[in-house]
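In: Pasting the sequence and the predicted coordinates here, then a few questions.
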Amino acid sequence: MTAERAEASVAKVLSDTGERPWRSSDLHGGDEYSATYEDLTHALGDFLDRLAEARPDTELIESMTESLAGWARELGPLAVRERDRVFGRRTDLASRGQTMSPTIELAEISDDSASGTVYFGSYFLGGNGAVHGGAIPLMFDEILGRLANASGRPPQRTAYLHTDYRSITPVGRTLGVRAWLCSEDGRKRILRATIHDGETLCAEAEGLFVALKPGQP
Ligand SMILES: CCCCCCCCCCCCCCCC(=O)SCCNC(=O)CCNC(=O)[C@H](O)C(C)(C)COP(=O)(O)OP(=O)(O)OC[C@H]1O[C@@H](n2cnc3c(N)ncnc32)[C@H](O)[C@@H]1OP(=O)(O)O
């Protein structure tokens, strides 16, 4: 299906439910944010890593709490509907304009494969230098989801995601990631991905992605 046809079918779904049609351009957040929003998410990610590593004194904790509460008060009245938000919708950026999962720098993405690097900072620590076991499938869902939804394919959702942890995934190192399409059967796509630390396989995953039918949220 072409990108135009996919958008037309989603447009019909949303017009049936009274919503403004979904457009891929909704996922870009607008040019007015070009570099600055990415700088913001990098600064936030860096803050979370430093927070996870630090042992601040009471005075600094109180001052940070006050500053954060101030930012929350400023942002509160600026809340918009999901489709008008920027966070997580900047598909043109490596971070996708979010900090929930680590930034994946893709060196290559085609219709059926993607590869690049990922760096889990201290914020993603589980224990003893290893990334948290929940952050790894999060990262896999991110890269597999991007690939499943790439090349003008209609929106897809993860039906299952199976992760095998083969050796610890270290925090604080640049790791290799690879994802590829294994099979396609109607609305179903099976994709796989790996994380490597040099030659060492850290974890691998298989995901089933199912293309949404008209009316599916
Ligand atoms: C909308 C997205 C926009 C994205 C914009 C781009 C953004 C780019 C960055 C994205 C990066 C982040 C990507 C995150 C992506 C998510 O994480 S999505 C959130 C997590 N997933 C969910 O919440 C999904 C919840 N589940 C569902 O909504 C529904 O179960 C599903 C998956 C849509 C399928 O339901 P359905 O459409 O009614 O389909 P159904 O007839 O049950 O199944 C279809 C086929 O799949 C098979 N199947 C379904 N589930 C399973 C299963 N668990 N195991 C095995 N087979 C299964 C069925 O057996 C059936 O097979 P056939 O009989 O046809 O051979």
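Out: Ah, there it is.
In: Can you name the residues of this structure that neighbour the ligand?
Out: 27, 91, 141-142, 145-146, 149, 155, 157-160, 186-188, 208, 210, 212-213, 216 (C-beta under 6 Å from any ligand atom). To be clear about C-beta, it is placed using only N, CA and C from the backbone, and glycine gets the same treatment.
In: Report the buried members of those.
Out: Among those, those buried by neighbour count (16 or more other C-beta atoms under 10 Å) are 27, 141-142, 145-146, 149, 155, 158, 208, 210, 212.
In: Mind checking which of those land in helices?
Out: In this view, these that belong to helices under DSSP state H are 141-142, 145-146.
In: out of those residues, who's nearest the ligand?
Out: Gly145 (2.3 Å; C-beta to the nearest ligand atom).
In: where exactly do the strands run in the chain?
Out: Per DSSP state E, the chain carries strands over the ranges 104-109, 113-119, 125-127, 130-131, 156-165, 174-185, 188-197, 200-211.
In: Arg83: which of these is closest?
Out: Among those, the nearest to Arg83 by C-beta to C-beta is strand 156-165 (16.9 Å).
In: now the angle from that closest one to strand 200-211?
Out: Put simply, strand 156-165 runs at 160 degrees to strand 200-211, going by axes from the mean of the first three to the mean of the last three C-alpha atoms, to 10 degrees.
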